[in-house]
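>>> have a look at this fold, sequence not included:
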Ligand SMILES: [Zn+2]
Ligand SMILES: [Zn+2]
């Protein structure tokens, strides 16, 4: 774990130094390049579901504004004497977006995809989450001194990138077990009566039952040594923020989600509450990892909070193998695995699994033969 040194005691960002404008220029410029590529090659780089609902004329306006901002922030960074690498990088990226067609780029009329990667989903989700959580983590910071670019942020951004790109593969892999196991086994009449229930009832049913199954899968990931190696990757982060929850091994994602989706398929939850559930959980998954000092008061046992899940990541002995639920903490109370003291954890991470740094190293690490470890081996 790193400790604050003289250099780290300085604020990460200060107005007037050109760093904020430089970072914004590079980030917006890179997203603009990816967005223009999505317009040019939609069959390969965009997801059919998102393509069907995104208002493209509005997206073009946003793209125009974002590219102009990337250019402007690059110039501002340069004028303020900030990092030349950031200034020139941002200006070069926004110029590349314009050279590739900018917001006027032509897009094919009829598009049908058989195989695609979700670059559009990555750009949209990163933009939306950054706009929500960067200000939120400033306003409600649990650890105000923690940096946006803290150790491991690059690794977590790669996880975020890859998991969004591979959306077609992961959705297929996570839904196939439910389709294979349940096809023809559940009476259609039962599913029709569930689908006829009020929206809110189906939503709560989806939340509770999916978390019950997720709880079982999550406990297995902690208890079975070969599975723990895949899940240990998620616990290897020593800093919690909105990006830290992205650190999930692909095997972990597929196993946990495939099991969580089983009851939703068995019940035949209708499309609208199912979509609402998916949107809610994707937001909640980010929130519970965020560096925000948010407690849910009287609701703390009813809906998982940052406080509840931070304890799941705690490196403190009494919090080990606690708080497996991710939506409804009551499930942990029911099975005697809840831990929610009236304070926040001091530190995060694991002690018994030497997970390496970097996305690729973490991808292959669980597949390697583990080196013998000295007992006892506490884990979170
Ligand atoms: Zn866990
Ligand atoms: Zn987590």
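Looks like it came in fine. These figures come from a predicted structure and were not determined experimentally. Residues are numbered from 1 along each chain as shown. Ligands and ions are numbered 1, 2, ... in the order given.

>>> can you tell me how far residue 359 sits from residue 221?
19 Å (Cβ to Cβ, to the nearest Å). All C-beta spots, glycine's among them, are computed from the backbone N, C-alpha and C.

>>> more neighbours, those two?
Using other Cβ atoms under 10 Å as the criterion, residue 359 and residue 221 rank with residue 221 on top: 24 against 17.

>>> wait, the more buried one sits on residue 231?
Yes: between residue 221 and residue 231 there is a contact under Cβ atoms under 8 Å: 3.8 Å.

>>> do I have it right that residue 202 meets residue 270?
Yes: using Cβ under 8 Å, residue 202 is in contact with residue 270, at 6.1 Å.

>>> the two: which has the busier surroundings?
Neighbour count, other Cβ under 10 Å: between residue 202 and residue 270, residue 202 has more, with 23 against 17.

>>> ok, and the closest non-adjacent residue to that one?
Computed as Cβ to Cβ, 6 or more residues apart in numbering, the closest residue to residue 202 that is not its neighbour in sequence is residue 273, at 3.8 Å.

>>> surely that neighbour is within a helix?
Yes: Residue 273: assigned to a helix according to DSSP: H, G, I helix; E, B strand; the rest coil.

>>> residues near it, how many?
Neighbourhood size, residue 273 [other Cβ under 10 Å]: 23.

>>> ok, now residue 249?
Quick note: residue 249 (other Cβ under 10 Å) scores 23 neighbours.

>>> and the gap between it and residue 364?
Counting by Cβ to Cβ, the gap from residue 249 to residue 364 is 10 Å.

>>> what does residue 334 give?
On the measure of Cβ to Cβ, residue 334 and residue 364 end up 37 Å apart.

>>> where does the prediction get shaky in the chain?
Within the chain, the segments meeting pLDDT under 70 span 1-9, 12, 16, 352-353, 370-380.

>>> does anything pack onto the helix or strand where residue 163 lies? Which helices or strands?
Residue 163 is located in helix 153-165, with elements delineated by DSSP states H and E. With contacts taken as 3 or more Cβ pairs under 8 Å, 6 or more residues apart in numbering; DSSP states H and E, helix 153-165 sits against helix 119-139, helix 250-267, helix 359-364.

>>> buried deepest among the ones you listed, which one?
Of all those, helix 250-267 has the most neighbours on average by mean count of other Cβ atoms under 10 Å, namely a mean of 20.

>>> run the chain-centre distance for that one.
Relative to the centre of its chain, helix 250-267 is centred 17 Å away, using Cα atoms, centre = their mean, to the nearest Å.

>>> ok, and what's touching stretch 338-350?
Contacts with stretch 338-350, where a contact means Cβ atoms under 8 Å, 6 or more residues apart in numbering, come from 1, 142, 232, 235-240, 293, 300-301, 307-308, 310-311, 313-316, 318-319, 322-323, 329, 332, 379-380.

>>> buried ones among the residues you listed?
142, 232, 235-240, 293, 301, 307-308, 310-311, 313-316, 319, 322-323, 329, 332, 379-380 (16 or more other Cβ atoms under 10 Å).

>>> taking the residues you listed one by one, which sit in helices?
If you go by DSSP state H, the buried ones among the contacts of stretch 338-350 have 232, 235, 307-308, 310-311, 332 in helices.

>>> kindly reformat the residues you listed as JSON lines containing distance to residue 285.
Below are those laid out as JSON lines (distance: Cβ to Cβ, whole Å):
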{"residue": "232", "distance to residue 285": "18"}
{"residue": "235", "distance to residue 285": "15"}
{"residue": "307", "distance to residue 285": "15"}
{"residue": "308", "distance to residue 285": "13"}
{"residue": "310", "distance to residue 285": "14"}
{"residue": "311", "distance to residue 285": "16"}
{"residue": "332", "distance to residue 285": "17"}
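
>>> any chance of the helices and strands packed on helix 153-165 in JSON lines, plus distance to residue 185?
Formatted as JSON lines, these follow (distance: least, Cβ to Cβ, whole Å):
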{"stretch": "helix 119-139", "distance to residue 185": "32"}
{"stretch": "helix 250-267", "distance to residue 185": "8"}
{"stretch": "helix 359-364", "distance to residue 185": "35"}
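
>>> of those, which is nearest residue 27?
Evaluated over these, closeness to residue 27 peaks at helix 119-139, with 7.9 Å, by Cβ to Cβ.

>>> which strands and helices lie in contact with the closest one?
For helix 119-139, the packing partners by 3+ Cβ pairs under 8 Å, 6+ apart are helix 19-40, helix 48-53, helix 153-165, helix 271-287.

>>> hey, which of these is tucked in deepest?
Greatest average neighbour count among the helices and strands packed on helix 119-139 goes to helix 19-40 (a mean of 23), per mean count of other Cβ under 10 Å.

>>> distance of residue 183 from residue 175?
11 Å.

>>> I should have written residue 143 there, sorry.
On the measure of Cβ to Cβ, residue 143 and residue 175 end up 38 Å apart.

>>> cool, and residue 363?
Separation of residue 363 from residue 175 (Cβ to Cβ) stands at 22 Å.

>>> same check, this time on residue 320
Using Cβ to Cβ, residue 320 is found at 33 Å from residue 175.

>>> now residue 103
35 Å.

>>> give me the more crowded residue out of the two.
Under the neighbour definition other Cβ under 10 Å, residue 103 and residue 175 were set side by side, and residue 103 has more, 20 against 15.

>>> grab the nearest non-local neighbour of that one.
residue 64 (3.9 Å).
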